[in-house]
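> fold the stuff below for me.
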Amino acid sequence: MIVFRRFRPFRRGFTLVELLIALSILGLISVMLATSFYSVNRSWAVGREVIDSGGHSDYLMEQLTAALRSAYTPGTGEKHGFIFVDDGEERDAKDTIEWSKIGSALVSEEARYAEVPHRVRVYVSEPDGPGHPGGFTVKAWRQDLQTEEFDPEEDAAELCLSPRVIAFNCRMLDPDTPRTADDEINWVDAWTKTNTLPDAVEITLWMRPPEEDADPIERRRIVELPMGALSKNPESGANSGAGVRQSGRRPGAAGGGGPMPPHR
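Predicted coordinates for the structure are as follows:
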């Protein structure tokens, strides 16, 4: 008797080795995709930070340039001109400069004293709590008609224009070195002629680096002060204010808009 058995096709599953190889390949692809996504996202964040810092630094440089070009000396008394405090060098610099001006640069058009003589002081402040991130700061107050109790250190308005600035350095054109076309420019880090103005200043800002281990973003500019020569030679006019009136142009004509609101 012949018995016929049903034919069953041969079936074979994945071996353990094949499963391990497949999982390894899948894990490698996942790591590559995650790394690529992280690199792209990091590059985008760094690029955005660089662009934002560039915009901040350009704005601050324009404001500083306009404010410095509108500098003048309201009198011949001590500390009526340009005051400079040196504090550190290069990326660690925290210099302070103070001068008299007219115009809205650094103080905004809404400031009540924008169109009258006022003093401004710029420096890099340190962080002081959540509401005070620190950064490039301006302090301003009216030049004249202040009460005897007025103290700029305590009573003057203060505004942080950009927390991205971590260092500020200023150098003045050496007033004691004659200049010729072929000579190298001589800059000094001290200014004792506080009843006068320098002919030019070199200002440098260092912006917060886009990455923790990266170098700060540096911005540098040279600004000439039109009233510098007149402040040293008051005989050329009754005083520096008279010189401005004779020229038919007020010191604040250099322009400059209002300050940028603080960014978090």
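
> what's the spacing between the helix or strand harbouring Leu230 and its chain's center?
Per DSSP states H and E: Leu230 is located in helix 228-232. From the chain centre to the centre of helix 228-232 is a distance of 28 Å (Cα atoms, centre = their mean, to the nearest Å).

> quick one, strands of this protein?
71-72, 83-85, 96-101, 118-125, 135-142, 157-162, 165-173, 187-188, 200-207, 217-224 (DSSP state E).

> only the buried residues of the second one, if you could.
Going by neighbour count (16 or more other Cβ atoms under 10 Å), the buried part of strand 83-85 is Ile83, Phe84. Using the backbone N, CA and C atoms, a C-beta is placed for each residue, glycine as well.

> contacts for that strand?
Asp95, Thr96, Ile97, Glu98, Trp99, Cys170, Met172, Ala190, Trp191, Thr194 (Cβ atoms under 8 Å, 6 or more residues apart in numbering).

> pick the most buried one from the strands of the chain.
strand 71-72 (a mean of 26; mean count of other Cβ atoms under 10 Å).

> okay, now the sheet partners of that strand, with direction.
strand 96-101 (antiparallel) (DSSP bridges).

> what's the angle between the partner strand and strand 135-142?
Put simply, strand 96-101 runs at 30 degrees to strand 135-142, going by axes from the mean of the first three to the mean of the last three Cα atoms, to 10 degrees.

> work out the gap between stretch 63-74 and the centre of the chain.
17 Å.

> can I get that stretch as PDB, trimmed to CA atoms?
Only the C-alpha atoms of stretch 63-74 are listed here, as PDB (Å, rounded to 0.1, in the frame of the first residue of the first chain):
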ATOM      1  CA  GLN A  63      24.900 105.400  18.400                       C
ATOM      2  CA  LEU A  64      28.400 105.800  19.900                       C
ATOM      3  CA  THR A  65      29.600 107.500  16.700                       C
ATOM      4  CA  ALA A  66      26.800 110.000  16.600                       C
ATOM      5  CA  ALA A  67      27.000 110.700  20.300                       C
ATOM      6  CA  LEU A  68      30.800 111.200  20.200                       C
ATOM      7  CA  ARG A  69      30.600 113.500  17.200                       C
ATOM      8  CA  SER A  70      28.100 115.700  19.000                       C
ATOM      9  CA  ALA A  71      30.500 116.000  22.000                       C
ATOM     10  CA  TYR A  72      31.400 119.500  23.100                       C
ATOM     11  CA  THR A  73      32.800 121.300  26.200                       C
ATOM     12  CA  PRO A  74      30.200 123.400  28.100                       C
END
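
> pLDDT below threshold where in the stretch 1-150 of the chain?
1-13, 75-79 (pLDDT under 70).

> looks like Val50 contacts Pro210 (just checking).
Yes - at 5.2 Å, Val50 and Pro210 qualify as touching, with contact defined as Cβ atoms under 8 Å.

> the more surrounded of the two?
More crowded of Val50 and Pro210, by other Cβ atoms under 10 Å: Pro210, with 19 against 16.

> which residues does that one contact?
Pro210 sits next to Ala45, Val46, Gly47, Glu49, Val50, Ser53, Ile217 when contact means Cβ under 8 Å, 6+ apart.
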